[in-house]
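Asks: Curious how this folds, go ahead:
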Amino acid sequence: MARENKHGGPSVLRLVVIGLTVAAVVKEIKKPESERTWNGTVAGFVPYDFRFPTVERFKERVWDPEGEHIVSPHVFGVGWTLNVGRVVALAKDGYQAVADV
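Replies: Sure, this is the predicted structure:
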């Protein structure tokens with residue numbers, strides 16, 4: 001069931017995500033077919049990726065303990081996802097630093 005705000009309509013966040021998704025698809029469709037990559041940014045900074053997800057891309061974006069960033073573009077869709085591998089690595093490093101004191 002769709003999330004609704006207290007007035008019974010869709011939340012503002014949901015509407016923003018839908019709007020960004022539509023804008024990204026329109027951006028790609030406006031390009032000549034040979035130039036369509038189905039990934040990039042919309043609204044100047046929001047990443048999108050509509051390519052078929054791969055294991056490599058999943059690992060790069062969701063489980064990359066050595067990565068520089070805590071958030072990365074979604075494996076599929078519009079927006080960002082948490083690099084859980086990096087969070088775990090940072091937590092282990094923080095725990096180890098406290099244990100060494």
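Asks: Model confidence score at residue 94, please.
Replies: For residue 94, the pLDDT comes out at 79.
Asks: For it, grab the count of nearby residues.
Replies: 10 (other C-beta atoms under 10 Å). Just so you know, the C-beta spots here come from the backbone N, C-alpha and C atoms, and that holds for glycine as well.
Asks: give me the element it is part of.
Replies: Secondary structure from DSSP states H and E places residue 94 in helix 84-100.
Asks: and the longest helix seen in the chain, what's its mean pLDDT?
Replies: Assignment by DSSP state H gives helix 12-30 as the longest helix of the chain. What helix 12-30 shows for mean pLDDT is 96.
Asks: same question, stretch 73-87
Replies: Stretch 73-87 comes out at a mean pLDDT of 96.
Asks: Count the residues that sit near residue 44.
Replies: With other C-beta under 10 Å as criterion, residue 44 counts 5.
Asks: Equivalent analysis for residue 73, please.
Replies: 21.
Asks: Name the nearest residue to it, sequence neighbours excluded.
Replies: residue 47 (3.5 Å; C-beta to C-beta, 6 or more residues apart in numbering).
Asks: Let me know the secondary structure of that neighbour.
Replies: Taken by DSSP: H, G, I helix; E, B strand; the rest coil, the conformation at residue 47 corresponds to strand.
Asks: Tell me the pLDDT of residue 9.
Replies: 71.
Asks: contacting residues around residue 29?
Replies: Residue 29 makes contact with residue 36, according to C-beta atoms under 8 Å, 6 or more residues apart in numbering.
Asks: My error: substitute residue 39 in the last question.
Replies: By C-beta under 8 Å, 6+ apart, the contact set of residue 39 is 47-51, 73.
Asks: buried subset of those residues?
Replies: Among those, those classed as buried by 16 or more other C-beta atoms under 10 Å are 47-50, 73.
Asks: Same list (those) but as TSV, adding distance to residue 79.
Replies: As requested, the buried ones among the contacts of residue 39 are exported to TSV (distance: C-beta to C-beta, whole Å):
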residue	distance to residue 79
47	7
48	8
49	10
50	12
73	8
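Asks: Correct me if wrong: the residue nearest to residue 73 contacts residue 78.
Replies: Yes. With contact defined as C-beta atoms under 8 Å, residue 47 and residue 78 form a contacting pair (7.4 Å).
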